[in-house]
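In: heads up, no residue letters with this:
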């Protein structure tokens, strides 16, 4: 497959959430915060495969302390949202 076509491949947010083992709502927040680039195609959010790879590589380069802090913040936000309902 040509590099141009590879860069155009997209995944649904449901598929990406499954791959990252996170909830779709967490992924939507990450998109809203511009932590992970996404595009809308026919009203559906899509994530380019190249953007997902870049995101994973960047996350792999963060220290464990930074990652744990990010995870705790996301978990706290999830809990706060759940408490609102």
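Out: The structure has been received and is ready for your questions. Every value quoted in this text rests on a predicted model; they were computed, and no experiment measured them. Numbers count the residues shown, from 1 in each chain.

In: how about residue 20: what's its closest non-neighbour residue?
Out: residue 27 (7.1 Å; CB to CB, 6 or more residues apart in numbering). All C-beta atoms are positioned from the backbone trio N, CA, C, and that covers glycine.

In: and that neighbour, what is it in contact with?
Out: 13, 16, 17, 20, 36 (CB atoms under 8 Å, 6 or more residues apart in numbering).

In: so it sits in a helix?
Out: Yes: the assignment for residue 27 by DSSP: H, G, I helix; E, B strand; the rest coil puts it in a helix.

In: give me the distance between the longest strand seen in the chain and the centre of its chain.
Out: For the chain, the longest strand by residue count, based on DSSP state E, is strand 44-48. Relative to the centre of its chain, strand 44-48 is centred 10 Å away, using CA atoms, centre = their mean, to the nearest Å.

In: likewise stretch 41-60?
Out: In terms of CA atoms, centre = their mean, the centre of stretch 41-60 is set 7 Å apart from its chain centre.

In: average pLDDT for it?
Out: Mean pLDDT, computed over stretch 41-60, is 92.

In: about what we covered before: quick one: buried residues of the next helix or strand after the longest strand of the chain?
Out: Later in the chain than strand 44-48, the nearest helix or strand by DSSP states H and E is helix 49-61. Neighbour-count burial for helix 49-61 flags 51, 52, 55 (criterion: 16 or more other CB atoms under 10 Å).
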